[in-house]
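>>> Dropping a prediction and its sequence here:
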Amino acid sequence: MVEILFQRLLQAAAVMLAMSVLVFAGVYAIGNPIDVLIGPDATQAVRAEVIARYGLDLPLWRQYLGFLRRFLEGDFGRSFVYDLPVLDLILTRLPATLELTLTAVAVAVAAGVPLGMYAGYRPRSAAARAVMAASVVGVSVPTFWIGLILILVFAVWLGWLPAGGRGATVAVLGTEWSLLTLDGLAHLVLPALNLALFKLALMIRLARAGTLEIMLSDTVKFARAAGLSEWAVLRHHVLRLIAIPLVTVLGLEFASTVAFAVVTETIFSWPGLGKLIIDSITSLDRPVMVAYLILIALLFIVINLMVDLAYAALDPRLRRRRSAS
């Protein structure tokens, strides 16, 4: 187990190094932030001073080595636009994104897995067909369009929920959370629902496919022959067996939800990382862009490692195979 963990850490380090090169080269090939930072009427002396201050006069490979050294020291540089340390800027926006993402994923899992299992357990029923039809809509309709419809219906026509913003927050251990206030919770409903719909549809389809397969297996036949109730069969056998592929998809989907919450945060003016990266791209704030992409790559790598460890906890065959080796 320790040897496998060590191998995965070496692989993660190699992937992070490759990603840092690709991200740095790609971001620094886009535009010239000096044109955004200073006005067109600035003198050549002022332009040269600003370029030298940010190290943009150095060759690209020297800029990358400097970035890599600072990154290993935990320093992502300073934002061109906000003139703040990039890591501090990201950490101030991260709780909002995590709150939105965790809520969306929790809704998708809590509703999607039971609905998918029911659709697989009673595949010919009218309710199961309705669930699958709704999942097709959730997968097919673009997120931005659903978000606009949610705002139009629940914020404009009905006036039940706010159209954007984060609302009132409460500080817990130095971090602001909107889930703990009624106003913040009201602001969270629409963006979390918008972000959860695609994941909900995906969970329904995966759970249904797994349930259909497991219900025909010998495991379920033996459990029924032993006199177990249908509820016990579903809870103790079917759910445990479909949990392994669900954990894999859920881990990757959580990382992708954090990375691609940009559309939802932009539509609902949610002050998270997605809105920050959009603003940074618009203003060519290179340090923020590079740090964001590197941290997202690191998030995917960490979650993949956690999924591998979760495999060993869920599948006894892996534990026996590793102990035997």
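Happy to help now that I have it.
>>> and residue 6, how many neighbours does it have?
10 (other CB atoms under 10 Å). C-beta: built from backbone N, CA, C; applies to glycine.
>>> quick one: average confidence on the helix or strand in which residue 291 is found?
Element membership of residue 291 [criterion: DSSP states H and E] is helix 286-314. Average pLDDT, helix 286-314: 79.
>>> what do you get for stretch 33-53?
76.
>>> Please apply the same query to stretch 149-165.
Stretch 149-165 comes out at a mean pLDDT of 92.
>>> Show the end-to-end separation of that stretch, please.
17 Å (CA to CA, to the nearest Å).
>>> Renumber starting at 611 from here on
Sure, I'll start counting at 611 from here, so that last one is stretch 759-775.
>>> in the helix holding residue 901, what's buried?
896-908, 910-911, 913-915, 917, 920 (16 or more other CB atoms under 10 Å).
>>> other SSEs contacting it?
helix 612-638, helix 696-731, helix 849-869, helix 883-893, helix 926-934 (3 or more CB pairs under 8 Å, 6 or more residues apart in numbering; DSSP states H and E).
>>> okay but residue 773 is in contact with residue 763, surely?
No: contact between residue 773 and residue 763 fails when scored by CB atoms under 8 Å: they sit 10.9 Å apart.
>>> higher neighbour count, these two?
residue 773 (16 against 13).
>>> What helix or strand is that one located in?
Counting by DSSP H and E, residue 773 is found in no helix or strand.
>>> Can you name the residues that contact it?
761, 765, 766, 800, 878 (CB atoms under 8 Å, 6 or more residues apart in numbering).
>>> With secondary structure as new columns, can these be given to me in JSON lines?
Listed next are these as JSON lines, based on DSSP: H, G, I helix; E, B strand; the rest coil:
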{"residue": "761", "secondary structure": "helix"}
{"residue": "765", "secondary structure": "helix"}
{"residue": "766", "secondary structure": "helix"}
{"residue": "800", "secondary structure": "helix"}
{"residue": "878", "secondary structure": "coil"}
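>>> show me the contacts for residue 747.
Counted by CB under 8 Å, 6+ apart, residue 747 has contacts residue 811.
>>> Distance from the strand or helix carrying it to the middle of the chain?
In the assignment (DSSP H and E), residue 747 maps to helix 736-750. Put simply, helix 736-750 sits 24 Å off its chain's centre (CA atoms, centre = their mean, to the nearest Å).
>>> now it against helix 696-731, angle please.
Going by axes from the mean of the first three to the mean of the last three CA atoms, to 10 degrees, helix 736-750 is angled at 150 degrees with respect to helix 696-731.
>>> Now do the helix or strand following helix 736-750 against helix 736-750, angle only.
Once the chain leaves helix 736-750, the next helix or strand it forms, by DSSP H and E, is helix 753-760. Going by the same axes, to 10 degrees, helix 753-760 is angled at 120 degrees with respect to helix 736-750.
>>> how about helix 753-760: buried residues?
753, 756, 757, 760.
>>> domain parsing for this structure?
612-682, 700-934 (automatic domain parsing).
>>> Out of the ones you listed, which is the most enclosed?
domain 700-934 (a mean of 18; mean count of other CB atoms under 10 Å).
>>> Report the distance from it to the chain centre.
9 Å.
>>> returning to what we had before: dump the domains of the chain to JSON lines, plus distance to residue 694.
Below are these laid out as JSON lines (distance: least, CB to CB, whole Å):
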{"stretch": "domain 612-682", "distance to residue 694": "14"}
{"stretch": "domain 700-934", "distance to residue 694": "9"}
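>>> which stretch in these is the model least sure about?
domain 612-682 (a mean of 79).
>>> got a list of what residue 912 touches?
Going by CB under 8 Å, 6+ apart, residue 912 touches residue 622.
>>> Repeat that for residue 634.
Residue 634 sits in contact with 673, 674, 677, 900, where contact means CB under 8 Å, 6+ apart.
>>> now, which of those residues sits nearest residue 698?
residue 900 (15.5 Å; CB to CB).
>>> Apart from its chain neighbours, what residue comes closest to that closest one?
residue 637 (5.2 Å; CB to CB, 6 or more residues apart in numbering).
>>> and the one you found, what does it touch?
Residue 637 touches 896, 899, 900, 903, counting by CB under 8 Å, 6+ apart.
>>> just residue 898 next, same as before
So residue 898 contacts 689, 690, 691, 696, 699, 700, 886, 887, 890 (CB under 8 Å, 6+ apart).
>>> what number of residues lie near the first one?
By other CB under 10 Å, the residues close to residue 689 number 21.
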